[in-house]
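>>> everything below, folded, please.
(2 chains, ligands or ions: 4)
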There are 2 protein chains.
Amino acid sequence: PNRKVRDAAEAWLVRAYRFAASAGIARVGGPLGAVASGRDGEEPDAIAEADYADLVARMLRLADHAREHGIVELYVEPTPLRREWPWTVAQARRMLADVSAAAVPWKLCVDWGHALFEPVYGGYRARMEPWLAEVGDAIGVIHVQQTDGRYDRHWDFTEAGIVAPEAAAALLRRHGLADRPVFLEVFYPFERDDRSVLDAVRRSATALRSAFI
Amino acid sequence: PNRKVRDAAEAWLVRAYRFAASAGIARVGGPLGAVASGRDGEEPDAIAEADYADLVARMLRLADHAREHGIVELYVEPTPLRREWPWTVAQARRMLADVSAAAVPWKLCVDWGHALFEPVYGGYRARMEPWLAEVGDAIGVIHVQQTDGRYDRHWDFTEAGIVAPEAAAALLRRHGLADRPVFLEVFYPFERDDRSVLDAVRRSATALRSAFI
Ligand SMILES: [Fe+3]
Ligand SMILES: [Fe+3]
Ligand SMILES: [Mn+2]
Ligand SMILES: [Mn+2]
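Ligands and ions are numbered 1, 2, ... in the order given. You can find the predicted model right below:
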């Protein structure tokens, strides 16, 4: 991490909070700590402790700014990459504890397709349950997407994949998280015809509504 | 097309030419005419004639600026989308004729995976030959990628697909285009491990070198 790039990112986030507040948006978040890989592509498993401490200090400052602007909650979205932080349940839990004194609460946005990403978590461990069971209290928002677990697909629910909406909704209920807002988060190839995208989003929303509501 | 957005894009391109020239880059290009779809997602087959005339006027002005900054050639990269212009051989030929008096030559950058994109061109017509045969003289640069023809994949050549490097190179020779620079253009999912990307790019470059050189 380069200090000046971090400074620019922190300033950008403060502006983003101000904009969000001015647009009537009281809760803001996203992926957080980008970590460069080596020139040979090597991705370390852990962030350096000094960089981690700097990240936590910035999160505390950001919460001060967020509160000033009227934001009431901030989110970290763990991503399935060693180049971003946090990417495991343990890292997320530690981070939340380290920012527990923040001026506004830092919570988690968990993404179903991130949790199921096998290349990073492994075939048996790429599951949603550990997130719901171990940091469920801290989960403020949930992203759903269809995926095959081989990449972070963000497919819609007209595609075949390993996420079953009814089972996902039941799992949330079982962990006492049925009241959390669930967002469909889908990306499409740019070259796909716009009308077919509109149609697929509509059909996915209908399918999810019947499972989650 | 909104006039102010077009103005901003034109000004951005002039700055890009200036930057390129200052970096020692004498040839610049990319996709060109974005066309909005309707609110219902409908993508018209043809751009409105007035918008097309405006686009051509801007291309002529851009060529003036390019020449001022020392750029010697500009490229249009046809993309397989009705939301960009040009996307067919006939549209590209007409456009090149309409800007033939430009201060620096406007040429084409053709992309193997764009030409093979079936959803737009259809199963029998999604081929590279028409581009090479009908506008070959105007082709200044060639992009190669691996693809399955179902999306504009930009896979590398460690993936299975419908592009055969040896056959592609032979096709270029047959059309007298063996002297054109060929670029590997590949995109990777963000969540893929960096070292595996580096490795795959290296292996693809090796495979292409033996086919094209
Ligand atoms: Fe997400
Ligand atoms: Fe290309
Ligand atoms: Mn994601
Ligand atoms: Mn492309």
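
>>> whichever strand or helix holds residue A:119 near chain B at all?
Counting by DSSP states H and E, the element that carries residue A:119 is helix A:118-121. Yes. Counting by C-beta under 8 Å from any C-beta of the partner chain, chain B has neighbours in helix A:118-121: A:119, A:120. Where you see a C-beta, it was placed from the backbone N, CA and C, and this is true even at glycine.

>>> what sits against residue A:117?
A:80, A:126, A:147, A:149, A:151, A:152, B:191 (C-beta atoms under 8 Å, 6 or more residues apart in numbering or on different chains).

>>> can you rerun that using 10 Å?
A:79-81, A:87, A:111, A:126, A:147, A:149-153, B:191 (C-beta atoms under 10 Å, 6 or more residues apart in numbering or on different chains).

>>> same check on residue A:65?
A:10, A:11, A:13, A:14, A:15, A:17, A:18, A:71, A:103, A:104.

>>> which stretches in chain A count as strands?
Assigned by DSSP state E, the strands in chain A fall at A:27-30, A:33-34, A:73-76, A:84-85, A:106-111, A:139-144, A:182-184.

>>> point out the most buried one among these.
Sort those by mean neighbour count, taking mean count of other C-beta atoms under 10 Å in any protein chain shown, and strand A:106-111 sits at the top with a mean of 24.

>>> what's the neighbour count on the closest residue to residue A:98 other than its chain neighbours?
Nearest non-adjacent residue to residue A:98, counting by C-beta to C-beta, 6 or more residues apart in numbering or on different chains: residue A:56, 4.8 Å away. Residues lying near residue A:56 (other C-beta atoms under 10 Å in any protein chain shown) number 17.

>>> list the contacts of stretch A:203-213.
Contacts of stretch A:203-213 (C-beta under 10 Å, 6+ apart): A:142, A:144-146, A:155-159, A:164-170, A:172-173, A:178, A:181-184, A:186.

>>> list only buried entries from those.
In the contacts of stretch A:203-213, burial by neighbour count holds for A:142, A:144-146, A:155-157, A:165, A:168-169, A:172, A:182, A:184, A:186, counting by 16 or more other C-beta atoms under 10 Å in any protein chain shown.

>>> how about the most centrally placed residue in chain A: what's its closest non-neighbour residue?
The centroid of chain A falls nearest to residue A:77 when counting by C-alpha atoms, centre = their mean (2.1 Å). Leaving aside its sequence neighbours, residue A:77 sits nearest to residue A:109 (C-beta to C-beta, 6+ apart; 4.1 Å).

>>> surely the one you found is in contact with residue A:144?
No. Counting by C-beta atoms under 10 Å, residue A:109 stays clear of residue A:144, with 11.6 Å between them.

>>> tell me, what's touching these two both at once?
Residues touching both residue A:109 and residue A:144 (C-beta under 10 Å, 6+ apart) are A:183, A:185.

>>> surely the residue nearest to residue A:98 touches residue A:86?
No. In this structure, residue A:56 is not within contact of residue A:86 by C-beta under 10 Å, at 11.2 Å.

>>> spit out the residues that contact those two alike.
A:33, A:94, A:95.

>>> what pairs with the least confident helix or strand in chain A by mean pLDDT, parallel or antiparallel?
Of all helical and strand segments in chain A, the minimum by mean pLDDT, DSSP states H and E falls on strand A:33-34, at a mean of 84. Strand A:33-34 sits in its sheet next to strand A:84-85 (antiparallel), going by DSSP bridges.

>>> just the pLDDT for residue A:137.
You'll see residue A:137 listed with a pLDDT of 97.

>>> what count of nearby residues applies to it?
Residue crowding around residue A:137 was assessed by other C-beta under 10 Å; the count is 12.

>>> measure it to residue A:29 for me?
To residue A:29, residue A:137 is 17 Å away according to C-beta to C-beta, to the nearest Å.

>>> hmm, back to that, export the shared contacts of residue A:56 and residue A:86 as TSV, with columns for distance to ligand 2.
As requested, the shared contacts of residue A:56 and residue A:86 are exported to TSV (distance: C-beta to the ion, whole Å):
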residue	distance to ligand 2
A:33	32
A:94	43
A:95	40
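
>>> for the residues you listed, which one is nearest chain B?
Checking the shared contacts of residue A:56 and residue A:86 against chain B with C-beta to the nearest C-beta, the nearest one is residue A:33 at 14.8 Å.

>>> contacting residues for the closest one?
So residue A:33 contacts A:1, A:6, A:9, A:47, A:51-52, A:54-56, A:58-59, A:76, A:79, A:83-87, A:91, A:95 (C-beta under 10 Å, 6+ apart).

>>> mind doing that once more with 6 Å?
A:55, A:85 (C-beta atoms under 6 Å, 6 or more residues apart in numbering or on different chains).

>>> specify the beta-bridge partners of it.
Here residue A:33, judged by DSSP bridges, has bridge partners residue A:85.

>>> how does chain A divide into domains?
Annotated domains of chain A cover A:1-104, A:111-213 [automatic domain parsing].
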